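**Q** Here's my sequence, what's the structure:
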Amino acid sequence: MNTPLFRSSMSRREFLTASTFGLSSLRFAPGVRASTGPAVPAATLAKPAKSTVLFFLCGGASHIDMWDMKPEAPMEYRGEFKPMRTTGADIQLCEHLPLLSKQAHRFALVHGVTDGGRATGDHHAGYYYNLTGHAPDPTFKQQGNDRRPYPDDWPYMGSVVGMKRPKHPHLPQIISLPHKPSKLPFTRPGQFAGRIGMEHDPFYLTGSFKEPLRFDAPTLSMSGGMTAERMRDRQELLHALNQTRRELDHEMQVQNYMRQQDRAFDLLSSSGTANAFDIRSEPDKLRERYGQSINGMSLLMARRMVEAGVPFVTVFWKEDESIAKQCKSAGGWDTHGDNFNCLRQYLLPNFDRAFSAFIEDLSSRGLLDETLVLVTSEMGRMPKVGDRRSGGVTGAGRDHWTACMSVLMAGAGIQGGQVVGETDARAEFPKDRPIYPEDITKTVYYAMGIQDLEAKDKLGRAYNLLDEGEPLTELFG
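**A** Numbering: from 1, shown residues only. You can find the predicted model right below:
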C-alpha cells in the first residue's frame with residue numbers, strides 16, 4: 001500500500017480555520033526596500049545543472065571536527081578526533097566519517113567561509129545569511145532569535161531558482177523537508193521567498209522520527225474518501241471565503257496567499273504526483289543503505305525529487321530531541337555541551353550513512369553530473385573547546401562560530417577531491433582568502449544557469465536579487 005502524502009485527519013472546518021488564521025497573521029511590510037538598479041547578467045555554467053539539493057545541518061556543524069581538522073593544533077583546539085585519508089586527493093575527513101571518505105573523489109570542500117563580522121552570532125542571522133546570500137540587516141541585531149521572517153526579506157536562493165527556471169508540469173518548483181525550522185514562534189528567516197512573493201515559497205513536506213517513511217503536507221490534507229472533484233469543490237469554497245477578505249490592505253499579498261492555495265490544490269488533484277512521493281516503493285536494501293531514519297529518508301526523497309525534475313530541494317536536518325539535554329541544544333548540530341560524544345555517537349554516524357548513500361545513489365543513476373549538491377549550515381563551531389554556557393572546559397562543548405565554517409559541494413561538473421579556501425592553523429579564521437555566503441549563493445546560481453537576477457518591485461522598478469558575491473568557478477572542470 002502506498003504511503004499517504006497527506007494526513008487524513010483534518011476536517012473542512014479545521015482547514016478553513018487554519019487558512020483564515022494564516023492569512024490574518026501575515027505581517028505586511030511597508031514596501032520593498034530601495035532598488036539597487038537593473039541587474040547585470042551573471043556568468044553561468046556552460047551545461048547548467050537541472051536540480052539542486054541543499055542539505056542544511058541545522059544548529060551549526062563543527063567544521064574543525066568534521067572536515068577542516070587541525071591535527072597539529074593544541075589539544076584544546078583539535079579535540080578528540082583524528083583525520084583519515086579519503087579517495088579525494090586533497091581531502092581529509094574525520095575518522096567517524098568512514099563511508100563518506102570513500103566518496104571524497106566526488107565532492108569538493110570550501111573552507112574559510114565567513115560572515116566577515118556582518119552577522120550576529122545567533123541562529124536566525126546565520127540561517128538568513130547562508131540561505132539568501134545577503135548579510136543580515138539591523139533588525140537581526142535588535143531582535144536576535146526573536147526576529148521573524150518579514151515579507152520584504154531577501155529571497156531564499158531556492159525561491160530565486162524556482163522563479164527563474166521553467167515551471168514543472170505537475171510538481172512544485174521548490175520542496176523543503178522534513179520540517180520548517182524552527183519551532184514556533186522561532187521560525188528561521190531566510191527560508192522563504194520574501195519580497196519576490198509567496199507564490200515562490202517552498203512547498204513543505206513534514207516527516208517524523210516515529211514514521212520516517214511517511215511525509216505529509218502540513219498546510220493541507222486529504223480527508224478519507226476525498227476525490228479530485230470534491231477537492232475542486234473545496235477550492236471553490238475557499239475562493240469564496242477569500243473573496244470576502246478583499247477589503248484588506250495590500251491586495252497583492254492576499255493574491256499571493258491565494259496562489260499558494262491554488263498550488264496546493266493543483267498538487268493534490270494531479271495524477272502525476274502519487275508515485276513521486278512513494279518512499280515505500282524503494283527497495284528495502286536501498287532504504288537500509290540510507291538508514292531508515294527521518295534524515296536518511298529525507299535524502300532518499302530528495303533523490304526521488306531530482307529524478308522527477310524538481311529544480312530545488314532542501315533537506316533541513318531534523319533534530320533528535322532525545323539527545324537535546326546531553327548536547328545542550330535542540331538535538332541537532334548545535335553542540336554546546338558534550339560535543340565529541342554527541343558527534344561520535346549520534347550525529348556523525350547518521351550523517352555519514354545517509355549522505356554517503358545519497359552521493360553514491362545519485363552517481364550510480366547518472367544523476368550527479370546534472371545535480372548540484374550543497375551541504376552547509378548556519379555557522380561553524382568555536383575551535384577552542386569549552387563553551388562557557390555548558391560548564392567551560394568540563395562541559396566539553398563548542399560555542400557558535402560565525403568567523404569560519406566549511407561548505408561541501410558536489411555534482412554539476414564540480415571536480416571532486418579538491419579543496420578551495422584555507423583556514424589558519426587553528427581553524428579560527430580564513431587564512432588568506434575569505435569566502436562569503438554570497439559567493440556560495442552565486443555559485444549555486446552559476447551552476448543552475450541563472451544568469452538573469454533581475455526582479456521588479458510592486459511599483460515595477462527593477463532591482464538585482466544579489467549584487468554581491470562571485471561564483472567559485474575554480475570548483476568546476
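
**Q** In contact with the closest residue to Glu378 other than its chain neighbours: list those residues for me.
**A** Nearest residue to Glu378 in three dimensions, chain neighbours excluded: Gly126, at 2.8 Å (CB to CB, 6 or more residues apart in numbering). Using the backbone N, CA and C atoms, a C-beta is placed for each residue, glycine as well. Counting by CB atoms under 8 Å, 6 or more residues apart in numbering, Gly126 makes contact with Gly60, Asp115, Ala119, Ser377, Glu378, Met379, His400, Thr402.

**Q** before we move on, what about Arg188?
**A** Counting by CB under 8 Å, 6+ apart, Arg188 touches His123, His124, Tyr127, Tyr128, Pro149, Pro181, Ser182.

**Q** Averaged pLDDT, the one helix or strand the second one maps to. What do you get?
**A** The reference is to His124. Assigning secondary structure by DSSP states H and E places His124 in helix 123-132. In this model, helix 123-132 carries a mean pLDDT of 98.

**Q** for stretch 292-310, same thing?
**A** Averaged across stretch 292-310, pLDDT comes to 97.

**Q** Equivalent analysis for stretch 366-378, please.
**A** The pLDDT scores in stretch 366-378 average 98.

**Q** count of residues packed around Gly391?
**A** Per other CB atoms under 10 Å, the neighbour tally for Gly391 reads 15.

**Q** Skip the chain neighbours and tell me the closest residue to it.
**A** Per CB to CB, 6+ apart, closest to Gly391 is Gly337, 7.2 Å.

**Q** go on, Gln292?
**A** Spatial nearest neighbour of Gln292, chain neighbours left out: Pro212 (5.7 Å); criterion: CB to CB, 6+ apart.

**Q** my guess is Ser329 meets Asn339, correct?
**A** No - the criterion here is CB atoms under 8 Å, and Ser329 misses it with Asn339 at 9.9 Å.

**Q** quick one, which of those two is more surrounded?
**A** Asn339 (29 against 24).

**Q** just checking, that one touches Ala396?
**A** Yes - judged on CB under 8 Å, Asn339 makes contact with Ala396 at a distance of 5.7 Å.

**Q** joint contacts of those two?
**A** With CB under 8 Å, 6+ apart as the test, Asn339 and Ala396 both reach Val385.

**Q** Could you count how many residues lie near the residue nearest to Gly391?
**A** By other CB under 10 Å, 22 other residues sit near Gly337.

**Q** Can you give me every residue that contacts Gln418?
**A** Gly88, Ala89, Asp90, Ile91, Ala108, Leu109, Leu475.

**Q** Farthest-apart pair in the residues you listed, please.
**A** Maximum pairwise distance in the contacts of Gln418, criterion CB to CB, is 14.6 Å, between Ala89 and Leu475.

**Q** who has more neighbours, those two?
**A** Leu475 (21 against 11).

**Q** I'd guessed that one sits against Met409; true?
**A** Yes - with contact defined as CB under 8 Å, Leu475 and Met409 form a contacting pair (6.2 Å).

**Q** The residue lying closest to Ala354 once chain neighbours are set aside: what's it in contact with?
**A** Of all residues not flanking Ala354 in the chain, Gly296 sits nearest, at 3.9 Å (CB to CB, 6+ apart). For Gly296, the contact set (CB under 8 Å, 6+ apart) comprises Pro212, Arg287, Tyr290, Asn350, Arg353, Ala354, Ala357.

**Q** same question, Phe476
**A** Contact partners of Phe476, counting by CB under 8 Å, 6+ apart, are Leu45, Ala412, Gly413, Ile414, Gln415, Ala447.

**Q** Just list whatever residues bridge to it.
**A** Applying DSSP bridges to Phe476 gives these bridge partners: Ile414.

**Q** Check it and give its pLDDT.
**A** Reading off the model, Phe476 has pLDDT 97.

**Q** Next: Asn275.
**A** pLDDT, Asn275: 71.

**Q** How many neighbouring residues does it have?
**A** Using other CB under 10 Å, Asn275 has 11 neighbouring residues.

**Q** roughly how far apart are the closest residue in space to it that isn't next to it in sequence and Arg287?
**A** Once flanking residues are discounted, Asn275 sits nearest to Ser281: 7.1 Å by CB to CB, 6+ apart. Look at Ser281 and Arg287: by CB to CB, to the nearest Å, they are 10 Å apart.

**Q** try Ile175
**A** Counting by CB to CB, the gap from Ile175 to Arg287 is 20 Å.

**Q** between those two, which one's more packed in?
**A** Higher neighbour count among Ile175 and Arg287: Ile175, with 26 against 18, using other CB under 10 Å.

**Q** For that one, pull up the helix or strand it's in.
**A** strand 174-177.

**Q** Could you do Lys442 as well?
**A** helix 437-447.

**Q** Could you do Glu288 as well?
**A** Assigning secondary structure by DSSP H and E places Glu288 in helix 284-290.

**Q** what element comes up after that helix heading to the C-terminus?
**A** Moving toward the C-terminus from helix 284-290, the next helix or strand (DSSP H and E) is helix 294-307.

**Q** low pLDDT regions in the stretch 151-300 of the chain?
**A** Counting by pLDDT under 70, the low-confidence segments of the stretch 151-300 of the chain come to 218-274.

**Q** what about the strands in it?
**A** In the stretch 151-300 of the chain, strands defined by DSSP state E, counting those that start in this stretch lie at 174-177, 203-204, listed in chain order.

**Q** all helices of the stretch 151-300 of the chain, in order?
**A** Secondary structure of the stretch 151-300 of the chain (DSSP state H, counting those that start in this stretch): helices at 157-164, 228-243, 251-269, 284-290, 294-307.

**Q** Glu211: neighbouring residues, count only.
**A** Using other CB under 10 Å, Glu211 is surrounded by 12 other residues.

**Q** now Asp284: how far from Tyr290?
**A** Distance check for Asp284 against Tyr290: by CB to CB, it reads 11 Å.

**Q** more neighbours, these two?
**A** Using other CB under 10 Å as the criterion, Asp284 and Tyr290 rank with Tyr290 on top: 26 against 9.

**Q** what about the more buried one, distance to Leu300?
**A** According to CB to CB, Tyr290 stands 5 Å off from Leu300.

**Q** shared neighbours of these two, which are they?
**A** Here Tyr290 and Leu300 share the contacting residues Ala357, Phe358, Asp361, scored by CB under 8 Å, 6+ apart.

**Q** doesn't Ser322 make contact with Cys342?
**A** No - Cys342 is beyond contact range of Ser322, at 11.5 Å (criterion: CB under 8 Å).

**Q** Need the residues touching each of these two.
**A** By CB under 8 Å, 6+ apart, no residue touches both Cys342 and Ser322.

**Q** of these two, who's got more company?
**A** Set Cys342 next to Ser322 and count neighbours by other CB under 10 Å: Cys342 wins out with 27 against 10.
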